[in-house]
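*Asks:* compute the structure for the input listed below.
(chains A and B)
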There are 2 protein chains.
Amino acid sequence: MTIVVDAMGGDYAPDAPVEAVRQAATTFSDTRFIVIGNEEKINGVAGASFPGNVTIHHTDVVISGDDEPVRAVRRKPDSSLVMAAKMVSDNKADVMVSAGNTGAIMAAGALVMGRLKNVERPALAPVLPTFNGSGVLLLDAGATMDASAENLLDYAYMAAEYTKYVLDIENPRIGLLNVGTEDTKGNAVVKQAFLLLSESSLNFVGNVEAREMMAGCADVVVCDGFVGNVVLKLAEGLGLGLFAGLKEVMTESGLVTRMAAGVLAPKLRTLRSRYDWAEHGGAPFLGVAGGCIKAHGSSNPRAWYMALTQAHKFAANDVLAKLTSAMVARS
Amino acid sequence: MTIVVDAMGGDYAPDAPVEAVRQAATTFSDTRFIVIGNEEKINGVAGASFPGNVTIHHTDVVISGDDEPVRAVRRKPDSSLVMAAKMVSDNKADVMVSAGNTGAIMAAGALVMGRLKNVERPALAPVLPTFNGSGVLLLDAGATMDASAENLLDYAYMAAEYTKYVLDIENPRIGLLNVGTEDTKGNAVVKQAFLLLSESSLNFVGNVEAREMMAGCADVVVCDGFVGNVVLKLAEGLGLGLFAGLKEVMTESGLVTRMAAGVLAPKLRTLRSRYDWAEHGGAPFLGVAGGCIKAHGSSNPRAWYMALTQAHKFAANDVLAKLTSAMVARS
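*Replies:* Residues are numbered from 1 along each chain as shown, chains lettered A, B, ... in the order given. Got it, this is the predicted structure:
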């Protein structure tokens, strides 16, 4: 098994991915890790002596967050990101992981790896933290803005396989994001998707409202990429904003306030960790013909390590083959 | 000026609306208040001696939260909700306020009052609390699931008038909810709406992401009713969930914990109040031919009072005439 890592993407590159690879290569000694990026910088990361199952592939070319995704993928074949996708496409690696430009990762997946048979639209599938701590796989989080009802059904079939083999949920509950729980709710696409999902062989639990989704009432929730992206950014923004407000309150001046804050701090950290996306790994880009995981842009070494663990499981359980069979079977 | 109140809708009916009307009728002694509902129950609310500018209209018929909206409005003409809408339609009142079944309020607005000239789709426009405390007017929050780009432009024009005359913002910043700030982002409808808004005479500030919306980067944000409803429920659900988790931490057993919690409690209440929808009044249903305000279903007397204050301002500034002129001018 081989995992290829784009070491140059994300807010804490190359330090965070390098540190995480060092740790993951020790944990998963059966796996080869290829780290792509500036060799000097990678070697320069303090204490970055890699175990023997890690190799570095040098490149100086990087796709930045400001690059226009499709153009960047086409014009920068030697970038760390595109090289990683090419290695998967050439069967030199099973899964790639990058914390770089989300649009470029999706473009590299679609253009370099291609799509799985019977998949019209691949989907980005992050785990959204929920109040019960379990998390919910939300897809599509932004790959396709105008998805059809058939696309939504594809998302559900792919998510069911991924959830089973990577998140260890045997018969995942699939929900449809909607504005009410009644069968007749929603816009035209969602109403049609409801019918398709109802007739499918999936464990479809019906329409799910955003509030109930956050309470963990489904393992997977499907929606189009426009709604999914808005939901993802709102949930993240609200969480960050509320905890920032809390921190402000706790660090106000005054000895008594600071003493009280000191007592409650550990409990609040526990509360916060429940909503921490870092614990849930990255977002797989499901439907492309290779393993492709987008780690969060602000991934610290811990979040990177979780994304590598996820990549390992994706490869070890041959999830790509499972996705391929599922999409062939349902056609 | 006359404000008509459906006293039978919402979680705390009739107590909360009755208490709020008593207070509002004293504050706004120039205004007539008509309270519709079960007279005995209304009079039975402890200490509910109304000032002289309040009259009660009795009815026993109520539309419940479970009633199918359009059918309920058609079959229950004597319900408190439909009677309130009829009074506005008959010019016996300027504005109605109800905390009842949202779908039925919108159906009563559209079917009983009718639409303003040049408005194809009315829109529900609640204020979403933002981190800076200012709030953002979000519309449409659920009236129209498949809105066109033209509909979104109408929403913006109506919201600009409402925001100017009710929220006292002279030249409101209008944003378009989107998945990125670049001009070319979004689904087909949103891309088209971007062009229409750019060419309009409005103070259009461009695309707005959910995260920035919560930071208060625009006074008004337009989107279709499907997305708006999901956003509204997610924001509310996340806020409630996070504060519930916080409360749990603060009330854990242990003397030291409870003492520390006691010190921080007032500060946390201040933090919480910043995200309190109750302070922002109800959601106007913009585009119907009469004043129509939907108070939150779980409105307490304070939230009800704010909704009545808002109704008073709507009537006092003749916002209906402003909306009418704006929609005629832009056609």
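*Asks:* okay, CA-based contacts and neighbour counts for the rest of this
*Replies:* Will do.
*Asks:* now do the SS call for the residue of the stretch 201-331 of chain A at minimum distance from chain B.
*Replies:* Going by C-alpha to the nearest C-alpha, chain B is nearest to residue A:260 of the stretch 201-331 of chain A, at 4.2 Å. Classification of residue A:260 using DSSP: H, G, I helix; E, B strand; the rest coil returns helix.
*Asks:* run through who's touching the helix or strand bottoming out on mean pLDDT in chain A.
*Replies:* One helix or strand of chain A scores below all others by mean pLDDT, DSSP states H and E: helix A:255-274, with a mean of 78. By C-alpha atoms under 8 Å, 6 or more residues apart in numbering or on different chains, the surrounding residues in contact with helix A:255-274 are A:129-133, A:243, A:250-252, B:245-246, B:249-250, B:256-257, B:259-261, B:263-264.
*Asks:* please report phi then psi for residue A:144.
*Replies:* Here is the backbone geometry of residue A:144 (degrees, to the nearest 10): phi -120, psi 120.
*Asks:* could I get the pLDDT score of the spatially closest residue to it that is not a sequence neighbour?
*Replies:* Among residues not flanking residue A:144 along the chain, residue A:225 sits closest, at 4.9 Å (C-alpha to C-alpha, 6 or more residues apart in numbering or on different chains). Model confidence at residue A:225, given as pLDDT, is 98.
*Asks:* check whether residue A:225 really touches residue A:138, as I assumed.
*Replies:* No. Here residue A:225 lies out of contact with residue A:138, judged by C-alpha atoms under 8 Å, at a distance of 9.9 Å.
*Asks:* close to chain B: what parts of the stretch 1-150 of chain A are there?
*Replies:* A:131, A:142, A:145, A:146 (C-alpha under 8 Å from any C-alpha of the partner chain).
*Asks:* quick one: which two of these are the most distant?
*Replies:* A:131 and A:146 (29.7 Å; C-alpha to C-alpha).
*Asks:* is residue A:284 in a helix, a strand, or coil?
*Replies:* strand.
*Asks:* and the gap between it and residue A:319?
*Replies:* 11 Å (C-alpha to C-alpha, to the nearest Å).
*Asks:* returning to what we had before: which of the residues of the stretch 1-150 of chain A next to chain B has the weakest pLDDT?
*Replies:* Lowest pLDDT within these is found at residue A:131 (86).
*Asks:* distance from the chain centre to stretch A:232-246, please.
*Replies:* 19 Å (C-alpha atoms, centre = their mean, to the nearest Å).
*Asks:* how about residues contacting that stretch?
*Replies:* Here stretch A:232-246 has contacts from A:128, A:141, A:272, A:275, B:131, B:209-212, B:214, B:231, B:234-235, B:238-239, B:268, B:271, using C-alpha under 8 Å, 6+ apart.
*Asks:* go through the residues you listed and flag which are in helices.
*Replies:* Among those, DSSP state H puts A:272, B:210, B:211, B:212, B:214, B:231, B:234, B:235, B:238, B:239, B:268, B:271 in helices.
*Asks:* so residue A:205 lies in a strand, does it not?
*Replies:* Yes. Looking at residue A:205 with three-state DSSP, it is inside a strand.
*Asks:* OK, contacts around it?
*Replies:* By C-alpha under 8 Å, 6+ apart, residue A:205 lies in contact with A:173, A:174, A:175, A:218.
*Asks:* thought residue A:62 was touching residue A:84?
*Replies:* No. In this structure residue A:62 lies outside contact range of residue A:84 using C-alpha under 8 Å: 11.7 Å.
*Asks:* give me the more crowded residue out of the two.
*Replies:* Set residue A:62 next to residue A:84 and count neighbours by other C-alpha atoms under 10 Å in any protein chain shown: residue A:84 wins out with 34 against 22.
*Asks:* which residue ranges of the stretch 51-200 of chain A form strands?
*Replies:* Ranges of strands within the stretch 51-200 of chain A are A:54-58, A:95-98, A:123-124, A:127-128, A:136-139, A:174-177, based on DSSP state E, counting those that start in this stretch.
*Asks:* these into TSV, with extra columns for mean pLDDT and mean neighbour count?
*Replies:* As requested, the strands of the stretch 51-200 of chain A are exported to TSV (pLDDT from 0 to 100; neighbours: other C-alpha atoms under 10 Å in any protein chain shown):
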stretch	mean pLDDT	mean neighbour count
strand A:54-58	97	17
strand A:95-98	98	30
strand A:123-124	98	28
strand A:127-128	94	24
strand A:136-139	97	29
strand A:174-177	98	26
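*Asks:* okay, now the residue of the stretch 1-150 of chain A found nearest chain B: neighbour count?
*Replies:* Of all residues in the stretch 1-150 of chain A, residue A:145 sits closest to chain B, at 4.8 Å by C-alpha to the nearest C-alpha. For residue A:145, the count of nearby residues is 20 (other C-alpha under 10 Å).
*Asks:* distance of it relative to residue A:139?
*Replies:* 12 Å.
*Asks:* overlap of the contact sets of the two?
*Replies:* Listed contacts common to residue A:145 and residue A:139 are A:224, A:225; contacts here mean C-alpha under 8 Å, 6+ apart.
*Asks:* looking at residue A:284 and residue A:319, which is more packed in?
*Replies:* Taking other C-alpha under 10 Å, residue A:284 and residue A:319 do not tie; residue A:284 has more neighbours (27 against 21).
*Asks:* and the more buried one, what are its bridge partners?
*Replies:* When assigned by DSSP bridges, residue A:284 has beta-bridge partners residue A:293.
*Asks:* surely it and residue A:137 touch.
*Replies:* No. Contact criterion C-alpha under 8 Å: residue A:284 and residue A:137 do not qualify, at 10.1 Å.
*Asks:* need the overlap of contacts for those two.
*Replies:* A:125, A:126.
*Asks:* what's residue A:174 in contact with, if anything?
*Replies:* Neighbours of residue A:174 in contact, by C-alpha under 8 Å, 6+ apart: A:156, A:160, A:202, A:203, A:204, A:205, A:206, A:218, A:219, A:220, A:221, A:222.
*Asks:* using TSV, please lay out those residues together with pLDDT and distance to residue B:198.
*Replies:* Converted to TSV, the contacts of residue A:174 look like this (pLDDT from 0 to 100; distance: C-alpha to C-alpha, whole Å):
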residue	pLDDT	distance to residue B:198
A:156	98	37
A:160	98	42
A:202	97	44
A:203	98	45
A:204	98	42
A:205	98	42
A:206	98	39
A:218	98	40
A:219	98	40
A:220	98	38
A:221	98	34
A:222	98	32
